[in-house]
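A.B. asks: all I have is the shape, not the residue letters:
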């Protein structure tokens, strides 16, 4: 049987597309199609990834200009049909800018770019994206200047009530507290899904946690996505 | 037409003798445009006129060298049809005037040098020197430079994996920002800057030309004074997004065989790129400046030729590939224009509004650029009389690990994306060199930046030798075979005898060490006039070393496990002059430790072969440098959050000298089997001393003192946090 194909949307300024492409092909056992931002057609609709980077230089606001791309308009249309969509880092910022996900990602608390290894607790293991990850706490690097999740108190409550919060920055043993919060995100939020549970956005980089050791947690993240196809 | 007078000539930094030579070459008076072109081409920055004579003496070839100095960057062979392109370059003057943009464009420039040659940049490093933390400008300069470096590299998506950052009052008014980039290229896909083929089109691509950075190269060739900040408009502005588009479009274009020659427009912009390409290919050029994409209205030929707008490239392409080339640039949203043509006249002919506005012979201009043998004289170093302080071993250790130069640099490197591209195995806080996997292979590249200006100030030759040896040692400690270096020579005003002495001696030192270690110089950069109001920086010849690791599983970091034993490889004599220890005691005089290059090679080869042969026995490795044995051990404890039981050998007479001495050519090897290493060292007649066992959570020197590793970590973190947040 030929391998299934998933799509990765690439913008001018994307810079995690190669890393994501490699991780997806290797650990989801699929082929990929890189969709250039000005392509209004996305042929392979099994699953769509929006990679990290600095789309259009992140001028104006992170992710803001990318929302105007023909490919993104198609992503928005397909999202309504329930196509699984995952945005990582800049991808998450783009998804919030498109209003496919709630909230906004604003300047880190200290207003500095931050790159480090971080522990992330999986808050909701009942999503199609996380149910196959064995561990409760995973280690993914973060690398962003605007990753501080922010939303209104009402929205936050709604996200919590609907179990839409999927990842939270935590200690190695899963404790959620201020000292483990790298960027000042509300309630340590690192990743959320939409109400219909087909769109996931996260700031940490699972695609950067697949190298040099078979124990790295990015591997189980991508392997776990195979069941969606 | 402006008449060229004495004042205009000197404003362009051209001496009377140089002006005479210009008239001889042209056989007439130059016009303003031509004078401007001469001034940048013959500036210290572009022509290396004060150092050329001495740089020529450096060893630049070797079995693994594909391309030495003279091109955009140096290239070494790493086997399997792959090569590494690398270079270091300074952006000192602009970074002092405008730290954020100065540092950012420094990173951008060096990456372009690397990807111009067909390589994909795979890692950035930087070597930073700031003034005293007490100086009112230091904090703002540090914040701006670090953010500038981070924002640029992070956006382009190239990991910043290492480097060094030090503080010393000699840099109070002249900070140093040296950026290094390494790139990976297929050996049969290397691009050079030799223009060829009469009639071939010259294509301009990238950012539109503006009035920024005019005379940046000349600025970098003069001392600072009270009005230096007025030159802010000469500092260029960086656009990393544009750089990313240029990088990706060039990579796409380079898959095809469209490009004949390519050169980035760096210092002296369109002038130096067009002259260099034509000069290397012994051909002529016609430039049509009306075709140059401009950002501002009514730009003059003078401004266009001298602008240093960033993120621009010039290339000569095959006429048959013009369409496909322009199509690729269009896809990436880049402005591209055919602005000239290669001719056989040997002249640079510049047209504007259909008339010839400048005509210069290319070869004579490039070949007869001045070369000076400036007078030199050994300086007399005055030492300040200061009250000496005394420290116990424990308090000295705490003082050093919480000092600006040795405290944790987390605040800096957390702002650098180190994990993008997924090939960073060790960034430089985890190992003596940064270790980057060669994509899709089991090979890796090790990279490090080193210099000890304190040593160089006292003895520039020995100091430079030690810099080279330390970089060699750092590569070996990471498990690599050292291959070659790039150097970035930062000094004061070469027109002063003492400074010229430092320059010549430092180059001699690099030559001596590189020859002995079979470690050629493949690229480099010189930054002079780093002085303000007659006060020069300490001589700072920074060495960027590159090595290869055949199998990444054999690379070593600062790792240790409970129960491991730590051995010192090499002789410890207890040299304290100019050491960190003496410096905290206010004893700032004396000589650097002696360096025996034969011993360096012997010890280095022992460590290198031992790691290769007994990989599973060696948990980690660390070189012993500033701060001596005790600091090297403390760094291991802090890094691993593990305790050490340290036993000073019974024959040591003075434990302070022994612990803090900075004798060269030494390593700490962390092993899980003591018998084998003892046996092998004995057989090879290597000095080996057992020093510590990894155990518990305390840093303990038996019969001296102990302190919890937690406390050490706290002391190590405290300075930066306080300095920045205050």
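C.D. replies: In hand now; what should we look at? The structure presented is a predicted model; accordingly, all values stated were derived computationally and were not measured.
A.B. asks: any idea how far residue A:162 is from residue A:185?
C.D. replies: Distance of residue A:185 to residue A:162, given as C-beta to C-beta, to the nearest Å: 18 Å. C-betas here are computed from N, CA, C, even on glycine.
A.B. asks: who has more neighbours out of these two?
C.D. replies: A count of neighbours by other C-beta atoms under 10 Å in any protein chain shown puts residue A:185 above the other of residue A:185 and residue A:162, at 22 against 15.
A.B. asks: quick one, phi/psi of the spatially closest residue to the more buried one that is not a sequence neighbour?
C.D. replies: Among residues not flanking residue A:185 along the chain, residue A:149 sits closest, at 4.1 Å (C-beta to C-beta, 6 or more residues apart in numbering or on different chains). Phi and psi for residue A:149, reported as degrees, to the nearest 10, are phi -70, psi 130.
A.B. asks: tell me the pLDDT at residue A:149?
C.D. replies: pLDDT, residue A:149: 98.
A.B. asks: what segments of chain A are helices?
C.D. replies: Applying DSSP state H to chain A gives helices spanning A:17-28, A:70-80, A:90-97, A:153-161, A:217-224.
A.B. asks: which of those helices sits most buried?
C.D. replies: Highest mean neighbour count among the helices of chain A (mean count of other C-beta atoms under 10 Å in any protein chain shown): helix A:90-97, with a mean of 28.
A.B. asks: what's in contact with that one?
C.D. replies: A:14, A:16, A:49-55, A:58, A:61-64, A:66-67, A:72, A:85, A:87, A:101-105, A:146, A:191, A:199, A:201-203 (C-beta atoms under 8 Å, 6 or more residues apart in numbering or on different chains).
A.B. asks: cutoff 6 Å now
C.D. replies: With C-beta atoms under 6 Å, 6 or more residues apart in numbering or on different chains as the test, helix A:90-97 has contacts from A:50-53, A:55, A:62-64, A:66-67, A:87, A:101, A:103-105, A:201-203.
A.B. asks: same question for stretch B:653-664.
C.D. replies: Contact with stretch B:653-664 is made by B:572-576, B:579, B:581, B:593, B:595, B:628-630, B:648, B:652, as judged by C-beta under 6 Å, 6+ apart.
A.B. asks: so which of the helices of chain A gets nearest residue B:192?
C.D. replies: Nearest to residue B:192 among the helices of chain A is helix A:17-28 (26.4 Å), distances taken as C-beta to C-beta.
A.B. asks: any idea of the mean pLDDT in that closest one?
C.D. replies: In this model, helix A:17-28 carries a mean pLDDT of 97.
A.B. asks: do stretch A:186-202 as well
C.D. replies: 98.
A.B. asks: and stretch B:621-628, by the same measure?
C.D. replies: For stretch B:621-628, the mean pLDDT works out to 97.
A.B. asks: same deal with stretch A:64-83?
C.D. replies: Average pLDDT, stretch A:64-83: 97.
A.B. asks: now check it, is it near chain B?
C.D. replies: No - using C-beta under 6 Å from any C-beta of the partner chain, stretch A:64-83 never reaches chain B; the gap is at least 10.3 Å.
A.B. asks: let me see the confidence value for the residue nearest to residue B:585 when sequence neighbours are not counted.
C.D. replies: Nearest non-adjacent residue to residue B:585, counting by C-beta to C-beta, 6+ apart: residue B:389, 5.0 Å away. Residue B:389 is assigned a pLDDT of 93 by the prediction.
A.B. asks: state the distance from residue B:389 to chain A.
C.D. replies: 36 Å (C-beta to the nearest C-beta, to the nearest Å).
A.B. asks: buried sites along stretch B:380-395?
C.D. replies: Residues of stretch B:380-395 classed as buried: B:391, B:393 (neighbour count, 16 or more other C-beta atoms under 10 Å in any protein chain shown).
A.B. asks: stretch B:479-495 - what's its average pLDDT?
C.D. replies: On average, stretch B:479-495 scores 98.
A.B. asks: what's the answer for stretch B:658-678, then?
C.D. replies: So the average pLDDT for stretch B:658-678 ends up being 98.
A.B. asks: tell me, how many residues neighbour the residue in the stretch 201-350 of chain B that chain A sits nearest to?
C.D. replies: Closest to chain A within the stretch 201-350 of chain B is residue B:241: 2.8 Å, counting by C-beta to the nearest C-beta. The number of residues packed near residue B:241 is 20, by other C-beta under 10 Å.
A.B. asks: I'd guess it is in a strand, am I close?
C.D. replies: No - with DSSP: H, G, I helix; E, B strand; the rest coil as the criterion, residue B:241 is assigned helix and is not in a strand.
A.B. asks: shouldn't it be in contact with residue A:14?
C.D. replies: No - contact between residue B:241 and residue A:14 fails when scored by C-beta atoms under 6 Å: they sit 11.1 Å apart.
A.B. asks: in three-state terms, label residue B:514 for me.
C.D. replies: helix.
A.B. asks: my read is that it contacts residue B:59, right?
C.D. replies: Yes - applying C-beta under 6 Å, one finds residue B:514 in contact with residue B:59, separated by 5.2 Å.
A.B. asks: quick one: which of the two has more around it?
C.D. replies: Legend: neighbour count by other C-beta under 10 Å for residue B:514 and residue B:59, higher for residue B:514 (25 against 21).
A.B. asks: which residues touch the more buried one?
C.D. replies: B:59, B:468, B:521.
A.B. asks: of those, closest to residue B:267?
C.D. replies: Taking those together and measuring to residue B:267 by C-beta to C-beta, the closest member is residue B:521, at 20.2 Å.
A.B. asks: tell me the pLDDT at the closest one?
C.D. replies: 98.
A.B. asks: strands of chain A, start to end?
C.D. replies: A:5-10, A:31-36, A:48-50, A:85-88, A:104-106, A:114-122, A:137-144, A:148-150, A:165-170, A:189-193, A:199-202 (DSSP state E).
A.B. asks: columns distance to residue A:97 and mean neighbour count on top of those strands, output as JSON lines?
C.D. replies: Shown next, in JSON lines, are those (distance: least, C-beta to C-beta, whole Å; neighbours: other C-beta atoms under 10 Å in any protein chain shown):
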{"stretch": "strand A:5-10", "distance to residue A:97": "14", "mean neighbour count": "23"}
{"stretch": "strand A:31-36", "distance to residue A:97": "18", "mean neighbour count": "17"}
{"stretch": "strand A:48-50", "distance to residue A:97": "11", "mean neighbour count": "29"}
{"stretch": "strand A:85-88", "distance to residue A:97": "10", "mean neighbour count": "27"}
{"stretch": "strand A:104-106", "distance to residue A:97": "8", "mean neighbour count": "21"}
{"stretch": "strand A:114-122", "distance to residue A:97": "21", "mean neighbour count": "20"}
{"stretch": "strand A:137-144", "distance to residue A:97": "14", "mean neighbour count": "22"}
{"stretch": "strand A:148-150", "distance to residue A:97": "13", "mean neighbour count": "22"}
{"stretch": "strand A:165-170", "distance to residue A:97": "19", "mean neighbour count": "24"}
{"stretch": "strand A:189-193", "distance to residue A:97": "14", "mean neighbour count": "28"}
{"stretch": "strand A:199-202", "distance to residue A:97": "11", "mean neighbour count": "26"}
